[in-house]
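Peer 1: return a 3D structure for these sequence lines:
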Amino acid sequence: MCPACIANLALIAGGATSTGGLAALAVKKLRAKTGARKVDSVTQPQESNMDRPKVVSRAEWLVARKELLAREKESSRQRDALSAERRKLPMVKIDKEYVFDGPNGRKTLRDLFGGQRQLIVYHFMFDPSWDEGCKSCSHFMDNSEGAIVHLGARDTAFAVVSRAPLAKIESFKKRMGWTFPWLSSFGNDFNHDFHVTLDKDAGSAEYNYASAADLVKAGKLWSEKGELPGLSVFLRDGDSVFHTYSTYQRGLDLPLNTYNFLDLSPLGRQEDGDRAQGWIRHHDKYSAQNAKP
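Peer 2: Model prediction:
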């Protein structure tokens, strides 16, 4: 199990990723220093009257709802404008030949496109020494798998890449019941080059476009070495492949529809500031008692 999934403490509040995938090589030591609560057990948030919105008349509610709607519409316009700016980013040609292990043999990065012009790659935290993939990355893929089938209609392929050996990936993928393409980058530089496996000896010493050492000093990252989550986008022009975009940390929030649904609710995400995603489990580990009728 990934150490970062054991206790994801104050990093979200400090600006770290909401996917909870942060390499924590000194989790036990940090817990002892901070007195952090154990988050290994699945718990339901305690119900409290303080969690509930104020009760008003329908007329008063409608006034408040329309005021919020105006702000929601402005937020949507800003998001559309930001997406347009994202599409205008320049791109970088990929000159290195990355070769991955897949269930149907070895594949190059170009092969992952199939016949599509675009490729989205999710960098799934799965260290070669772990027996299962990161629970927070698993949460991300639970949220994403249903959308993947539609991407091909927009000339876009999707693949997941991890450093774990293919045999471990295939075993965990079967357990989770997933069908998306998942390949191993074990033995190549892909994870280091895209800064989702930190190791300064391998030339990977930054995360989310900032120095890993500085992030550790600021309390926004556990360690300068280890696995981290991210998402990268590529464009194909003939046989040439170009890197157009990568995002990390809170940039991974957008596809998390669990959160998108909860953000619509009055109780919201129901997360303490120091326990963001501490409640997340592999979907086969939730207790039946947590599913209320």
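
Peer 1: please report the distance of Pro165 from Ser129.
Peer 2: As for Pro165, its distance to Ser129 is 10 Å (criterion: Cβ to Cβ, to the nearest Å). From N, CA and C alone the C-beta is placed, and that goes for glycine too.

Peer 1: also Asn143?
Peer 2: Distance, Asn143 to Ser129, using Cβ to Cβ: 26 Å.

Peer 1: looking at these two, which one has more neighbours?
Peer 2: Counted by other Cβ atoms under 10 Å, Asn143 and Ser129 do not tie: Asn143 has more neighbours, with 16 against 9.

Peer 1: surely the more buried one is within a helix?
Peer 2: Yes: counting by DSSP: H, G, I helix; E, B strand; the rest coil, Asn143 is part of a helix.

Peer 1: look up how far Asn208 lies from the residue found closest to Ala64 once you drop the neighbours it is linked to in the chain.
Peer 2: Leaving aside its sequence neighbours, Ala64 sits nearest to Val56 (Cβ to Cβ, 6 or more residues apart in numbering; 7.6 Å). In this structure, Val56 and Asn208 are 41 Å apart, going by Cβ to Cβ.

Peer 1: who has more neighbours, those two?
Peer 2: Neighbours were counted for Val56 and for Asn208 using other Cβ under 10 Å; Asn208 has more, 20 against 11.

Peer 1: ok, now which ones touch the residue lying closest to the more buried one once chain neighbours are set aside?
Peer 2: Excluding the flanking residues, the one nearest Asn208 by Cβ to Cβ, 6+ apart is Tyr248, at 4.1 Å. By Cβ atoms under 8 Å, 6 or more residues apart in numbering, the residues touching Tyr248 are 17, 195-196, 207-208, 228-231.

Peer 1: and with 7 Å instead?
Peer 2: 17, 207-208, 229-230 (Cβ atoms under 7 Å, 6 or more residues apart in numbering).

Peer 1: which one of those sits in the busiest neighbourhood?
Peer 2: The residue in these with the most neighbours, by other Cβ under 10 Å, is Thr17 (28 neighbours).

Peer 1: ramachandran angles for the residue nearest to Asn208?
Peer 2: Here is the backbone geometry of Tyr248 (degrees, to the nearest 10): phi -140, psi -180.
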